[in-house]
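Sequence and predicted structure are below.
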Amino acid sequence: MTIAVDTGVIGGIAARFRTCPASGLKIDLAAERLIKANAVAAIVFLAVGGLFGLLVALTRWQAIHLLPADLFYLVLTAHGLDVLLVWIIFFEMAVLYFASAVLLNCRLAAPKIAWLGFALMMIGAVLANVTVLQGESSVMFTSYPPMKAAPNFYLSLIVFAVGALLGCFVFLGTLVVAKEEKTYEGSIPLVTFGALTACIIAIFTIASGAIILIPTWLWAIGYISEINSVMYKLVWWAMGHSSQQINVSAHVSIWYLIIAVLLGAKPLSEKVSRTAFVLYILFLQLASAHHMLVEPGVSAEWRVFNTSYFMYMAVLGSMIHGMTVPGAVEAAQRKNGYTRGAFEWLRKAPWGNPAFAGMFLSLVLFGFLGGISGVVLGTEQINIMLHNTLYVPGHFHATVVAGTTLAFMAATYLLVPLIFQRQIMFPTLARWQPYLFAIGVAGISLFMMGAGTLGVARRHWDIGFSDAALSFKYPATAFLMLGLNGLSAILASVGGALFVVIVVASVLFGKRVDASNVVESLGPMPKKQLTDAVSSYGNAGTWKLPGTYILVSVFFTAFVLYYFVNWKYLAQLWPMR
Amino acid sequence: MAIHPPSQRVWWNEPIEKDEIVWIAVAFLWGLVMFGMMVYWHIEGRQNLSTQAYRIDPALFEQRTEAFAAKFKVRDEGESGIPVAKPPPGTDVYMLSRLWQWWPVLELEKGQSYKLHLSSLDWQHGFSLQPVNINIQVHPGVQHVLTITPTETGVFSVVCNEFCGIGHHTMVGRIHVVDSSRAPTAPVLR
């Protein structure tokens, strides 16, 4: 490892660098420490939150019914907080620092501010957990008023968000520094562009959070007499749903990152991929409406316009990435010599490399399960059949767990050798880990969606209603679905635990990575069979992409069929207006 | 590569390959179709959420619901002590939600339309009619008026599907739907 000291142009601040033996990029040691700290914090909270999730699933499995009601609601609140918020935002901070300082070959702007942000996020996360575990704040992650949590519940989220905001500013500052100090030529890389998208959405998200959480906190301590419950949902979800769009931007960037590192894949068209990211910035913010589709006091025009992200323009963005990402893989693989038939490029992809396997499974599950179910769920009238049923967590486990979490896990398999400079330990286990986790999460999503279509309520302790004055029972199939959901959760937990153990062991005890072994440390790679492209496809430089067209055609057919099946079900409901 | 700056400095002038344009056009048109479906359903569809809603003092809503239940009470629901109200078709029907009860029990006639008034006296609740699977959010301080038309007879349950505290999972209400006592030519509100 070589350490160089460079003095920047702006303010003449000196930073210490090492040179990455794989890419030749200069890596600012301050940025590297921050990436490590944020990634480690993320994985700790993933472990904690994942355990809470398992307890939730085992309680909803009616035959086991593990926890008593009060603990169930407490643990469910903590599960949402730790995985939906803490794990993901910590990891996203690592992604932001990586996509700016490392990819732009630049020093990180204001590392002390970044550390302050990290400290605030840590304080917020710990305070949130402590407050929830004290038992007075089992209000669910969404904390809908007039139900009230302990004041510290809201305060902890505010502190956490301020920390994340500082991280966003450091990212933006680094972009400015890199441009001023001319550490790169031309435009920022696509991955950095995607991270910038995530950062812009994050700032909108955090602003919305401040607008609603600060008054709600003041209400909890008694300075404000009332929070309007409809208004709360509108603004809270401008934070709650938009924060999921940070995840989408971040994990799409990671898809591009992983295929670039492992396969040398180029975007098919810089213009198309970047425009798709811009569509996210312009339209994803409207998603708050997805939570207002069966509320009183909202007009139908407002719902139709907003729930569709202005005529599905943000869905268009995702459908574009859904073609350009596998397209870039196909183009790169064909360039590498896998040209036979429509699918040799896919069959001979490095499926034994957990980074690639995790990335591709994330892409497929996010598109087929998360994307399609999300559009259906967000259709104004269809939402009447699905609102607040288990279909909702079924949908967002496909997006946030199978999509984002799996992509972040996949990225970690590259982060450990490249940033922590350690080899992955237990390579055989690591090889299977993404599959185990993906199968488990796919099961969780599908069986929850299945139970949801049968009407089973989410956030509900007892689907047998044993203590209710008036008896009711969901159909027997619903009980079966929740049993299968429990089994899937066990599978996913084993996959998740394996991930945590492999990463922690590798970071602590893994073999050091240096120039001599860095390429093999990235895991199995496809063997190059040809070196030069015969013809060119846009930026990617290869033949046509028949496999990708078949994949997107299958996706589109599934999408259309499932969409109209739901309209057919809706038509059978009692007429209402 | 996606981790490097674009190889062409002026990347925004590069032509887009035809196949990519085709997919973008298909996805865009599909978006328009899905958007159009929601608008179409407002015109032709029979399942649309009412936008009729009023601010109301929870105490007033409780009063009105109690007056409604007293006026149309036909019996108690089993041993529960909850009254069953059987209003005439086409009239206003009240159901309140509170920790942890849907009140009163309703008896409606198949094929007849009713104006259902929903509101909460305390926290938010979720009106989830099972096994029909109609789900509507209920807020305190807001009175939501929906016109519904039961299309099948039987005993239907109203489950709460918005988390409302420790008794949430015990909150079950009931709607009976019986055959119409009127002539089948009675006007159906649409």
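On my side now, so go ahead.

Single out the residue in chain A that lies closest to chain B.
Residue nearest to chain B within chain A (CB to the nearest CB): A:Y312, separated by 3.0 Å. C-beta: built from backbone N, CA, C; applies to glycine.

Please name the residues that touch that residue.
A:375, B:30-32, B:34-35 (CB atoms under 8 Å, 6 or more residues apart in numbering or on different chains).

of all those residues, which two lie farthest apart?
Pairwise distances across the contacts of A:Y312 (CB to CB) peak at 13.4 Å, for the pair A:V375 and B:L32.

the more surrounded of these two?
A:V375 (25 against 12; other CB atoms under 10 Å in any protein chain shown).

Quick one: low-confidence residue ranges for chain A.
By pLDDT under 70, the low-scoring segments of chain A are A:1-13, A:528-543.

Off-centre distance for the top helix by length along it?
Assignment by DSSP state H gives helix A:476-509 as the longest helix of chain A. Helix A:476-509 has its C-alpha centroid displaced from the chain centroid by 17 Å (CA atoms, centre = their mean, to the nearest Å).

what helices or strands is that helix leaning on?
The helices and strands touching helix A:476-509, judged by 3 or more CB pairs under 8 Å, 6 or more residues apart in numbering or on different chains; DSSP states H and E, are helix A:29-60, helix A:406-415, helix A:427-453.

can you do 10 Å?
helix A:29-60, helix A:354-365, helix A:391-396, helix A:406-415, helix A:427-453 (3 or more CB pairs under 10 Å, 6 or more residues apart in numbering or on different chains; DSSP states H and E).

what comes up buried for that helix?
Under the neighbour-count criterion of 16 or more other CB atoms under 10 Å in any protein chain shown, helix A:476-509 has A:478-479, A:481-486, A:488-493, A:495-499, A:502-503, A:506-507 buried.

Same check on stretch A:58-67?
A:58-62, A:65-67.

Next, name the residue at the spatial heart of the chain.
You didn't say which chain, so I picked chain A. In chain A, the centroid-proximal residue (CA atoms, centre = their mean) is A:T404; its distance is 2.6 Å.

Can you look at chain B instead?
Short answer for chain B (CA atoms, centre = their mean): B:I136, at 3.3 Å.

how near is it to B:L99?
Going from B:I136 to B:L99 by CB to CB, to the nearest Å gives 18 Å.

still on that earlier bit, will you turn the buried residues of stretch A:58-67 into CSV that also has distance to B:E17?
Shown next, in CSV, are the buried residues of stretch A:58-67 (distance: CB to CB, whole Å):
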residue, distance to B:E17
A:L58, 50
A:T59, 51
A:R60, 48
A:W61, 49
A:Q62, 53
A:H65, 55
A:L66, 54
A:L67, 54
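
Tell me which two of the residues you listed sit farthest apart.
Taking CB to CB, no two of those sit farther apart than A:Q62 and A:L67, at 12.6 Å.

now for whichever helix or strand B:W23 is part of, which elements pack on it?
According to DSSP states H and E, B:W23 maps onto helix B:18-44. Helices and strands touching helix B:18-44, by 3+ CB pairs under 10 Å, 6+ apart, are helix A:270-283, helix A:300-307, helix A:309-335, helix A:372-377, helix A:546-571.

Show residues contacting the following helix or strand past that helix.
For helix B:18-44, the succeeding helix or strand toward the C-terminus, using DSSP H and E, is strand B:53-55. The contact list for strand B:53-55, computed with CB atoms under 10 Å, 6 or more residues apart in numbering or on different chains, reads A:228, A:230, A:295-298, B:61, B:117-119, B:139, B:141-146.

Any idea how many residues pack against the residue in chain B positioned nearest to chain A?
In chain B, the residue that lies nearest chain A is B:G31 (3.0 Å; CB to the nearest CB). When neighbours are counted by other CB under 10 Å, B:G31 registers 21.
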